[in-house]
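>>> based on what follows, work out the 3D shape:
(chains A, B, C and D)
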Protein chains: 4
Amino acid sequence: MINFGLIGAGRIGQVHARSLAAHPNARLVAIADPVIEAAEKLAKSYDARAVADAEELFQADDIDAVIIGSPTPLHVAHITAAVKAGKAALCEKPIAMSSADEEKLMKAIEGYDAKVMLGFNRRFDPAFAAVRKAVSDGKIGGEIEQLTIISRDPAAPPKEYIAVSGGIFKDMTIHDFDTAQFMLGPIKTVQAVGQNLDPELADTGDFDAAVITLIAESGAVATITNSRHCSSGYDQRLEAFGKDGALFAENIRPTTVRFSNNQVTDAQDVYLDFFLDRYADAYALELGHFIDALEAGEEISPSIADGFAALRIAEAAEESAHDGSKPIHL
Amino acid sequence: MINFGLIGAGRIGQVHARSLAAHPNARLVAIADPVIEAAEKLAKSYDARAVADAEELFQADDIDAVIIGSPTPLHVAHITAAVKAGKAALCEKPIAMSSADEEKLMKAIEGYDAKVMLGFNRRFDPAFAAVRKAVSDGKIGGEIEQLTIISRDPAAPPKEYIAVSGGIFKDMTIHDFDTAQFMLGPIKTVQAVGQNLDPELADTGDFDAAVITLIAESGAVATITNSRHCSSGYDQRLEAFGKDGALFAENIRPTTVRFSNNQVTDAQDVYLDFFLDRYADAYALELGHFIDALEAGEEISPSIADGFAALRIAEAAEESAHDGSKPIHL
Amino acid sequence: MINFGLIGAGRIGQVHARSLAAHPNARLVAIADPVIEAAEKLAKSYDARAVADAEELFQADDIDAVIIGSPTPLHVAHITAAVKAGKAALCEKPIAMSSADEEKLMKAIEGYDAKVMLGFNRRFDPAFAAVRKAVSDGKIGGEIEQLTIISRDPAAPPKEYIAVSGGIFKDMTIHDFDTAQFMLGPIKTVQAVGQNLDPELADTGDFDAAVITLIAESGAVATITNSRHCSSGYDQRLEAFGKDGALFAENIRPTTVRFSNNQVTDAQDVYLDFFLDRYADAYALELGHFIDALEAGEEISPSIADGFAALRIAEAAEESAHDGSKPIHL
Amino acid sequence: MINFGLIGAGRIGQVHARSLAAHPNARLVAIADPVIEAAEKLAKSYDARAVADAEELFQADDIDAVIIGSPTPLHVAHITAAVKAGKAALCEKPIAMSSADEEKLMKAIEGYDAKVMLGFNRRFDPAFAAVRKAVSDGKIGGEIEQLTIISRDPAAPPKEYIAVSGGIFKDMTIHDFDTAQFMLGPIKTVQAVGQNLDPELADTGDFDAAVITLIAESGAVATITNSRHCSSGYDQRLEAFGKDGALFAENIRPTTVRFSNNQVTDAQDVYLDFFLDRYADAYALELGHFIDALEAGEEISPSIADGFAALRIAEAAEESAHDGSKPIHL
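Now for the predicted structure:
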């Protein structure tokens, strides 16, 4: 049984709280959020205690591991505190606002037995994981040669969110960059084209769509197509093409119902609306993996290094998109 | 090279004329239709001669084979005349208005070398034929155990047509009965439920929908679901289920385009509207099979016997539907 | 909060125990099973008490409702005891071995405020429920005209199970009969063809496949195609056809992954293996509906009457299948 | 009626000969090929005359239009000769080996009434054309924002072909470049990554796969993913994404049959093998469009300018792929 502290009582915090409650080997002990009302409300539902300061979780004797769902600028500090306090940590993406923090973090936790996992939930999505496994099992005749990732949000977040998000590449594409790493191994070259499609978002200073090309050390090439809007819902697909076959992970709908009339045939429902639904299983499986790894004393993955590798790709994409989409070598 | 006479310049006659023109080993020599203007118009397009009386085709020295697209009550007489004149014949379904005509026909052509093929085009549909072949090749682990046929027309024909059609079972389901024979072999028991769904057709004295259950001598069971209307177009599908697998022949759309918006996703086009489009390939392949069999001097199939076997199933279905859907044993 | 007693610690009992644990307004208090070890094992996981005799649940003051997962021959007695003890009851299908028990049951509980729900989980399956709702919302232009149900188990149960199952119609098709009622309203005529496809099961005295035609009072016709085996898994589909459209509920796979190589393209995974997986959501939603209805003091559905109506259809199907598939009028 | 001369009796020549024979308003008069046996063989099938020298076609009084299926290095000369001789011309892609030929060609035909169409058959593919039309009709809420083209050949051509092909971008991707123009309008920036996946082709000096990003003047971004091999056949798809919807053109299979067993479900056939099958309809529709435009005296499209525009994109892609995939501005 692993006793958990949860940092952050927002949307993601609620998802993790529910997953913890459902997991037979986990117990949610305490929830920290500076908005103490939010922490208290969530704590009440799950019979946990609420605190305003995450520091209390790091100091608590009855907590083995923390889930870090605090704002990104706090991630490095929270990871550091957890590691120094001997707590395992599952940290949401991105790991930091800048890859420059890597050295700082590694230095701060040097000598400690760090058990830190990055919350790249797509690695645990049943479809994406099945694609990766099928590739490893040789189903397409070797490694992936070409990878096509389509990743579009149903609608843009509020401008206030965009302003502090770190930009589309660190905020949104970061997941796809990790997916590319997960599927292809290390990435060596990054190119990006940013688009500004929605006039409403023109003054945010951020792109609202982007197309990125990644070249992996393996020679494989990935394209990532992002948009902050998609009329049909949360569009999350990928295709892995290889010498002897191809694998496709398709979108998920609420049911399998199809509809035909005199305009359309075999029409399906729109996609699940957003990540809390689309990746509900992935979040639970991610947590299960973390718990299993802790209990078995095994290496934890995705790691801090994976988190910073994805962040460096995001930074390269940003540079490319702002510099005439020139190729950036990592 | 086989020289053809065509009886009937209507919709089906036009399909056959086009197929003949496109076939390298066929030549359309003459077209007979009592509506001589129709015969002349079609003849002009294909550089053939037009006659009013089919008898002229049977007597013509430059004709090797006839395609019989005359009204059903004339089929037996036209087959008889063709056989006696030494012409091969491809006759549209149904072979007759009553199975009682079988004895009459067989007696009339006794001693002649009859080369007669029934126009059950579905046997030549690429999808249906592929299903049959896959079953024979052992893809589902032996013969079909359960067969599901869905067969719906886009819209009802004019009441005048229904009045002389012989009823839904002989006019429409006859194709599905032959498909069942083609897939399962001889049928031994027939049950049918007739439906009257469209108030507009209430006074035709005919059903406008029906559900039929067939038991084959093999022990397989088939269901056929018919309707005179289908909002999405011409609905023509089947499923063949066996011990080790299943095969599905799906509907055909004009293109492979799919469409998604905020209401539907991966919506496809409505089905091809009706038999001239849906079975365009099947008509051409049927004719090709007839020509090949004639040139090779091989057995011709589907045969007169197949035509009457399907007709007997239709008559049994009609009796069942009118008599409380009791089972009729053939 | 509703306090539950659970009768039966087998497969279905375990499903319900899990659903109860996950439901915010339910508490599992006690589990009864004559195999006391099974009851104890399950009770331990969910912090409940175990008893051998269901009678203890009916007498317990801390129990508001029972879930009846006992063998079918005990259902009527358990429902009666629950109602007399003032407990609500959710009873698994079929409600009894014979429709003759209806009068007995109704008499026994006459005058009591019976709160009994039948466990026809398919009504709560998200896809089937969405089809029913879409029909009610007018999506296909009125009521269903033709309903096609395909329902095949992945593999036959042990012969010992078949021997006491009451036969394929009461054991397996009973769900489809209720689905037909749910979709079409009352059924008035039943015809059935039984098949014996698997030589291994030849000596069970039961059919291992069947095709049933139902005529509803509305004039709609349903076909049900059943088999005790299906190589691709648990095959659970339906099509609802109406004047202006059609709705299809498709099978469910573990993921959305598709695979292509030089033999197949867009190949999907085999279906979820069996009812515990396929209808996992349906079981939870069914329980949620029961709890909601109890808390709101509303009419409970599906009712005892629905349970016996489905049973009468099953008995009619059995009679028809054993008597030359003659039509039976209810 | 338009009388045609056909230059080239190879694979493409044969396709055009068949389309001409089937078209009601076209007549194939003569076929030119330096391999006179090939010309004679084809001419015999279609009742035309055979010549070795294309010049004879340009001089022939009984020829209104020519189809230029000669090797690419001869295209400009053949177009020039046709235009000067007052013949209309339908020329296969690419229009030339180098965009430098544009000025030369335009000068040579200056003052003549040039009726020249480029053979970009994908514009006439029913699915691609339907996507373009649906976009124009406003189905996705305005113009395309992101375009994803997947275009893979079933297997690499012989090395001898590759050696004279002009490279993957001019030989293969040229079609996709034109598709991008057709869908998005003028392209302003090109980036390309070349891949060498097949060791067998390592010494050809050409890439055997490529991923290209195009930025259109409209702001739309297209990705093109090419490969010289695809185990499932000729992989030809595209997705057009816009503000209010998306359109997908899927691959084509020989039939609609799907297959399920204990390994796969709803598995479809592999794709049509190659362009002669996949684009059979497109070739016929392309020719029909050419004939219609000639008879109506209308502007002919795609034009010489479209041919050179696509060629300039190909040259930019080649430069980019050979220069670290830097962006090239047109």
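
>>> for chain A, what lies in contact range of chain D?
On the criterion Cβ under 8 Å from any Cβ of the partner chain, chain D has as its neighbours in chain A the residues A:141, A:145-146, A:148, A:150, A:152, A:189, A:191, A:193, A:195-197, A:209, A:211, A:213, A:215, A:219, A:221, A:223, A:225, A:227, A:229-232, A:239, A:241, A:243-246, A:324-327. For the C-beta atoms, the positions are set from N, CA and C on the backbone; glycine is no exception.

>>> what about burial for the residues you listed, which qualify?
A:145-146, A:148, A:150, A:152, A:189, A:191, A:193, A:195, A:197, A:209, A:211, A:213, A:215, A:221, A:223, A:225, A:227, A:229-232, A:239, A:241, A:243, A:245-246, A:325-327 (16 or more other Cβ atoms under 10 Å in any protein chain shown).

>>> ok, and which of the residues of chain A next to chain D reach chain C?
Applying Cβ under 8 Å from any Cβ to those, one finds that A:244-246 fall near chain C.

>>> chain neighbours aside, what residue packs nearest to the residue located most distally from the centre of chain A?
Taking Cα atoms, centre = their mean, the residue of chain A most remote from its mean C-alpha position is residue A:262, at 41.2 Å. Residue nearest to residue A:262 in three dimensions, not counting chain neighbours: residue B:231, with 4.4 Å by Cβ to Cβ, 6 or more residues apart in numbering or on different chains.

>>> phi, psi of that neighbour?
Backbone torsions for residue B:231, taken as degrees, to the nearest 10, come to phi -60, psi -30.

>>> check contacts around it.
With contacts defined as Cβ atoms under 8 Å, 6 or more residues apart in numbering or on different chains, the neighbours of residue B:231 are A:260-262, C:141, C:243-246.

>>> strands - which of the residues you listed land there?
Residues from the contacts of residue B:231 lying in strands, with DSSP state E as the criterion: A:260, C:245-246.

>>> out of those residues, who's nearest chain D?
Of all the ones in strands among the contacts of residue B:231, residue A:260 has the smallest distance to chain D: 15.1 Å, by Cβ to the nearest Cβ.

>>> confidence score at that closest one?
According to the per-residue confidence, residue A:260 scores 97 in pLDDT.

>>> run through who's touching the helix or strand encompassing residue A:127.
Secondary-structure assignment from DSSP states H and E places residue A:127 in helix A:126-136. Residues outside helix A:126-136 that contact it (Cβ under 8 Å, 6+ apart): A:122-123, A:140, A:143-144, A:179, A:182-183, A:238, A:240, A:242, A:247-250, A:252, A:281-282, A:285, C:254-257, C:259.

>>> next one: it to chain centre, how far?
Put simply, helix A:126-136 sits 17 Å off its chain's centre (Cα atoms, centre = their mean, to the nearest Å).

>>> got the CA coordinates for that helix in CSV?
In CSV, the C-alpha atoms belonging to helix A:126-136 read as follows (Å, rounded to 0.1, in the frame of the first residue of the first chain):
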residue,chain,number,x,y,z
PRO,A,126,-4.3,1.5,-24.3
ALA,A,127,-4.2,2.3,-28.1
PHE,A,128,-0.8,4.1,-28.2
ALA,A,129,0.7,1.5,-25.9
ALA,A,130,-0.7,-1.3,-28.1
VAL,A,131,0.9,0.3,-31.2
ARG,A,132,4.3,0.6,-29.4
LYS,A,133,4.0,-3.0,-28.3
ALA,A,134,3.0,-4.3,-31.7
VAL,A,135,6.0,-2.6,-33.2
SER,A,136,8.3,-4.1,-30.6
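
>>> what's the next secondary structure element after it?
Past helix A:126-136, heading to the C-terminal end, the next element that is a helix or strand (DSSP H and E) is strand A:146-152.

>>> not counting that following strand itself, show me its contacts.
A:172-173, A:175-176, A:179-180, A:183-184, A:220-230, A:234-241, D:148, D:150, D:195, D:209, D:211, D:223, D:225, D:227, D:239, D:241.

>>> out of those, which sit inside helices?
In helices, judged by DSSP state H, the following of the contacts of strand A:146-152 are found: A:175-176, A:179-180, A:183-184.

>>> for the residues you listed, which one is nearest chain B?
Out of the ones in helices among the contacts of strand A:146-152, the one with the shortest distance to chain B is residue A:176. That distance is 20.2 Å, counting by Cβ to the nearest Cβ.

>>> so how many other residues sit close to the closest one?
With neighbours defined by other Cβ atoms under 10 Å in any protein chain shown, the count for residue A:176 comes to 27.

>>> any idea how far the nearest residue to residue A:108 once chain neighbours are set aside lies from residue C:58?
Of all residues not flanking residue A:108 in the chain, residue A:80 sits nearest, at 4.6 Å (Cβ to Cβ, 6+ apart). In this view, residue A:80 and residue C:58 are 59 Å apart by Cβ to Cβ, to the nearest Å.

>>> for residue A:152, same thing?
Applying Cβ to Cβ to residue A:152 and residue C:58 gives a distance of 56 Å.

>>> how big is the angle separating the helix holding residue A:127 from helix A:174-184?
30 degrees (axes from the mean of the first three to the mean of the last three Cα atoms, to 10 degrees).

>>> list the buried ones in helix A:126-136?
A:126-132, A:134-135.

>>> can you map out the helices along chain A?
Using DSSP H, the helices assigned to chain A run over residues A:11-22, A:36-46, A:54-59, A:75-84, A:101-108, A:126-136, A:159-164, A:168, A:174-184, A:275-278, A:280-296, A:304-322.

>>> isn't residue A:285 right next to residue A:123, touching?
No. Between residue A:285 and residue A:123 there is no contact, the gap being 9.1 Å when judged by Cβ atoms under 8 Å.

>>> more crowded one of those two?
When residue A:285 is set against residue A:123 and neighbours are counted by other Cβ under 10 Å, the residue ahead is residue A:123, at 23 against 18.
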